[in-house]
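Peer 1: Structure of the sequence below:
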Amino acid sequence: MKRLLPLLICLFAHAARAEAPAVETITPQERQQLLDQTKSLKSESSKLQSAAQQKRKEADVACWKKTLVSSCLSDAKREYLDSMAAARKLDVEAKQIERQVRERDRVTRRARQAEEAPKKQAATEKKVAKAKEQGAAQQQQREEKAAERERKAEQGSARARVQERQRQEKLETRRKKEEKAEQKALEREKKDKKRAEERAKQLERAQAQDK
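Peer 2: So this is what the prediction gives:
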């Protein structure tokens, strides 16, 4: 029996929770109305307590002037206790309403969070997608800039090769001109030498004839 007792308690507690009505959300207007009602109940309770205490003090003084003092004091005490009980009942009702407001506030917050969760998730996903898009665009820009630098480097290299080839062609053309000029100079030198030799031979023949 002792072993079954905790299990039975758990079952009863679970059944009580299952049968408990679901707490509803609360609107700002409903919340304000309940808080106003709580404030009114507390104010009424305070008034009852003050009135009961004041009446008890007055009765304590008045009863001693009567013949049946004990009966008067007893009645005054009973009336005081009844008034204080009524005041406490109002306080309890006010606390119950406050607890209800807190529970409905909690349910309202959870409902709002559940409602806003998909929106927040969508906003987060959109933000992540935008960040990825921006990252991809920046990466593409970096790649395009790198490709442009490489293209310019290749163009510069090609231009340098063209310039070097043109320089080599100019040097080759100049070398050929110099070789041609040198060849012509040799030919002229040979011709001049040959003419000089012929003149020398003619001179020798003329001298030989004069003798």
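Peer 1: Packing partners of the regular element (helix or strand) spanning Arg205?
Peer 2: Element membership of Arg205 [criterion: DSSP states H and E] is helix 69-210. Judged by 3 or more Cβ pairs under 8 Å, 6 or more residues apart in numbering; DSSP states H and E, helix 69-210 is in contact with helix 28-63. Placement of C-beta: from N, CA and C, glycine included.
Peer 1: Give the rounded mean pLDDT of the helix it packs on.
Peer 2: Across helix 28-63, the average pLDDT comes to 92.
Peer 1: how far is it from where the chain is centred?
Peer 2: The chain centroid and the centroid of helix 28-63 are separated by 52 Å under Cα atoms, centre = their mean, to the nearest Å.
Peer 1: and the angle for that helix with helix 69-210?
Peer 2: On the basis of axes from the mean of the first three to the mean of the last three Cα atoms, to 10 degrees, helix 28-63 is oriented at 150 degrees to helix 69-210.
Peer 1: In helix 28-63, which residues have enough neighbours to count as buried?
Peer 2: Within helix 28-63, the residues scored as buried using 16 or more other Cβ atoms under 10 Å are 34, 38, 41-42, 44-45, 48-49, 52, 56, 59, 63.
Peer 1: May I ask which two of those residues are separated the most?
Peer 2: Leu34 and Cys63 (42.0 Å; Cβ to Cβ).
Peer 1: shaky segments in this protein?
Peer 2: Applying pLDDT under 70 to the chain flags residues 1-21, 210-211.
Peer 1: Just put the buried residues of helix 28-63 in JSON lines and tack on distance to Ala111.
Peer 2: Below are the buried residues of helix 28-63 laid out as JSON lines (distance: Cβ to Cβ, whole Å):
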{"residue": "Leu34", "distance to Ala111": "18"}
{"residue": "Thr38", "distance to Ala111": "23"}
{"residue": "Leu41", "distance to Ala111": "27"}
{"residue": "Lys42", "distance to Ala111": "29"}
{"residue": "Glu44", "distance to Ala111": "33"}
{"residue": "Ser45", "distance to Ala111": "33"}
{"residue": "Leu48", "distance to Ala111": "38"}
{"residue": "Gln49", "distance to Ala111": "38"}
{"residue": "Ala52", "distance to Ala111": "43"}
{"residue": "Arg56", "distance to Ala111": "49"}
{"residue": "Ala59", "distance to Ala111": "53"}
{"residue": "Cys63", "distance to Ala111": "58"}
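Peer 1: Specify which member of the residues you listed is nearest to Ala123.
Peer 2: Among the buried residues of helix 28-63, Leu34 lies closest to Ala123 (Cβ to Cβ), at 33.6 Å.
Peer 1: what's the distance between the closest one and Thr108?
Peer 2: Going from Leu34 to Thr108 by Cβ to Cβ, to the nearest Å gives 13 Å.
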